[in-house]
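Peer 1: pasted the sequence and its predicted model underneath.
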There are 2 protein chains.
Amino acid sequence: MNMLGQFSNIQKSLIEEELISAIRSLSTPDTLKESMLYSIKAGGKRIRPLLLLAVMETFGADTDKGLKTAAALEMIHTYSLIHDDLPSMDDDDLRRGLPTNHKVFGEATAILSGDALLTRSFELVADSSIDAHSKVRMISMLANAAGAEGMVGGQMADIEGENASLTLEQLESVHRRKTGRLLEFAAAAGGVMSGLTESDLNKLRLFAEHIGLAFQIRDDILDVEGNQDEIGKPVGSDEGRQKSTYPAILGMNKAKEKLSYHLSEARGLLFDLHPEPLLLLELTDLIGSRKN
Amino acid sequence: MNMLGQFSNIQKSLIEEELISAIRSLSTPDTLKESMLYSIKAGGKRIRPLLLLAVMETFGADTDKGLKTAAALEMIHTYSLIHDDLPSMDDDDLRRGLPTNHKVFGEATAILSGDALLTRSFELVADSSIDAHSKVRMISMLANAAGAEGMVGGQMADIEGENASLTLEQLESVHRRKTGRLLEFAAAAGGVMSGLTESDLNKLRLFAEHIGLAFQIRDDILDVEGNQDEIGKPVGSDEGRQKSTYPAILGMNKAKEKLSYHLSEARGLLFDLHPEPLLLLELTDLIGSRKN
């Protein structure tokens, strides 16, 4: 098994333990707790928290100190999926092969469990074992990445762009906010907790931006060429909804070229960092070749 | 004009300026920004931020340093109203005499603008001008009061209790979480920023619990005996939906006795504090006699 595989196996268990105990310990109505746990346990690649911890591991920081912030980040990602799946938003019935949260618990509970996950995430960072200044910086960065200027703004732009055919620039602007900003947070937060310089933090942010776009292009390609069993949703679903995607705007060949471009830019930024960030290089390769 | 009236007039303007500039300054899609501003500008008594600042004023702290946290608290209250009004929750068309957020902007935008307000609130506290330790404490307290163990948990219990006839204990438990915890935060946050002892903070928390319940009982009474123009919604709407209320459970006379009890407990706690908290005494009287 490669280095990233070993690292991910160990850290994924720790992240999931942290997530589950942060919800189980809540004194709150059972339905709400079950609904929160349902979506948290529905799995996923945990790519955001893993990126955060991989950065810390790379630069010799104590990953245990990053676990709560990593879990907080995954909570925010999970809440965004619950709200995005709602009937008034993307109206999705399935997520990772399972019924979406509102299909199981109803819309009201799904909205509230998203709200509760978002709120709990900031409490987790505030309760983590890093110094107060770093916590404040982390919370400010996380709120900015997740809020109106970041992920929520991106989802808004995405909804407004539905049924319209976007230009490449508009599509990238949506992705940069909707998925890019949280990945950027993951990399930068890991960097802050490793005590990196501003210059290295900026390299990591740019690196995250490139792998974010690469991730999204790979997603669009898989929707056309992927295996339904592996990706957990029907192939061709983007085309069915006339969603703006890279292959739709650029054609498949140019979309694949664009994927290679972002992967190579990402690798280039990593070569500028010391010690050699092997875990992050493997992560970049994985994003380029993933099957689901 | 009384002392509280003068204080409120000045501070309300400052709170509203802070709220509006914290949203206007966001770089985000216009629709989202307008939807956030719409509900923020829809007014209301601003009782939570005013309580926070009144505590600071009472104990000689610099209220300017509390403004961002006060605004954050009002943002959280506002987001909760937007989400509670949604069709899948309380399904309200009117709020303070105006169409509710989703009636004007649609459900998707209403959900996102609630999410954005909640997220922005933590960024505001993180960016306020108090020391890092106080910020972290404030954020942890605020998230706990607003989340699954506090307001969101209370809303969940409230929804589950709909169409059921609640006991007095169940009704109080809903109110303690749904409205009580944020008021408690307001009082305690003001106390923390005034450097009060844990013993005084606990008195303020209990005080807030009593005025919170008093506020709610007064609300229920006004729904039966109030003036439609003054309260901004039809009189008797609770009875129409068979909502569990104090007058419904206890009868009107006992409900009024209960209101007096909580007001007198609240005053009793204030008499134990120094300097004499005149502003907070006036606030208590106002809650007991308010017409809207």
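Peer 2: Happy to help now that I have it. Treat the numbers as computed from the prediction; the structure is a model and nothing was measured.

Peer 1: report the separation between residue A:192 and residue B:123.
Peer 2: To residue B:123, residue A:192 is 16 Å away according to Cβ to Cβ, to the nearest Å. Every C-beta, even on glycine, is put in place using the N, C-alpha and C of the backbone.

Peer 1: equivalent analysis for residue A:123, please.
Peer 2: To residue B:123, residue A:123 is 15 Å away according to Cβ to Cβ.

Peer 1: again with residue A:229
Peer 2: 41 Å.

Peer 1: repeat for residue A:52
Peer 2: 19 Å.

Peer 1: one more: residue A:94?
Peer 2: Distance, residue A:94 to residue B:123, by Cβ to Cβ: 33 Å.

Peer 1: dump the residue contacts of residue A:28.
Peer 2: A:116, B:148-149, B:152-153, B:156 (Cβ atoms under 8 Å, 6 or more residues apart in numbering or on different chains).

Peer 1: A helix includes it, no?
Peer 2: No - secondary structure assignment (DSSP: H, G, I helix; E, B strand; the rest coil) places residue A:28 in coil, not in a helix.

Peer 1: what's the neighbour count on residue A:124?
Peer 2: Here the count is done by other Cβ atoms under 10 Å in any protein chain shown, and residue A:124 has 21 residues near it.

Peer 1: and what of the one 5 residues further on?
Peer 2: A count of nearby residues for residue A:129, using other Cβ under 10 Å, gives 11.

Peer 1: helices or strands next to the helix or strand residue A:207 falls within in the packing?
Peer 2: Per DSSP states H and E: residue A:207 is located in helix A:198-225. Helices and strands touching helix A:198-225, by 3 or more Cβ pairs under 8 Å, 6 or more residues apart in numbering or on different chains; DSSP states H and E, are helix A:47-58, helix A:168-175, helix A:181-193, helix A:237-240, helix A:246-250, helix A:252-271, helix A:278-289.

Peer 1: repeat that with 6 Å
Peer 2: For helix A:198-225, the packing partners by 3 or more Cβ pairs under 6 Å, 6 or more residues apart in numbering or on different chains; DSSP states H and E come out as helix A:181-193, helix A:246-250, helix A:252-271, helix A:278-289.

Peer 1: out of the ones you listed, which is closest to residue B:247?
Peer 2: helix A:181-193 (47.7 Å; Cβ to Cβ).

Peer 1: which residues of chain A lie near chain B?
Peer 2: By Cβ under 6 Å from any Cβ of the partner chain, the part of chain A that sits against chain B consists of A:26-29, A:32, A:83, A:88-89, A:107-108, A:111-112, A:115-116, A:118-120, A:122-123, A:126, A:132-133, A:135-136, A:139-140, A:143-144, A:146-149, A:152-153, A:156-157, A:159.

Peer 1: circling back: show me how to select, in PyMOL, the buried members of the contacts of residue A:28.
Peer 2: Selection of buried members from the contacts of residue A:28 for PyMOL, criterion 16 or more other Cβ atoms under 10 Å in any protein chain shown:
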select buried, (chain A and resi 116) or (chain B and resi 148+149+152+153+156)
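
Peer 1: any chance of the contacts of residue A:28 in TSV with distance to residue B:75, secondary structure and pLDDT as columns?
Peer 2: TSV is the format used below for those (distance: Cβ to Cβ, whole Å; DSSP: H, G, I helix; E, B strand; the rest coil; pLDDT from 0 to 100):
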residue	distance to residue B:75	secondary structure	pLDDT
A:116	17	helix	98
B:148	19	coil	98
B:149	19	coil	98
B:152	15	helix	98
B:153	19	helix	98
B:156	21	helix	97
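
Peer 1: just put the contacts of residue A:28 in a markdown table and tack on distance to residue A:62.
Peer 2: Shown next, in a markdown table, are these (distance: Cβ to Cβ, whole Å):
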| residue | distance to residue A:62 |
| --- | --- |
| A:116 | 29 |
| B:148 | 29 |
| B:149 | 29 |
| B:152 | 32 |
| B:153 | 33 |
| B:156 | 37 |
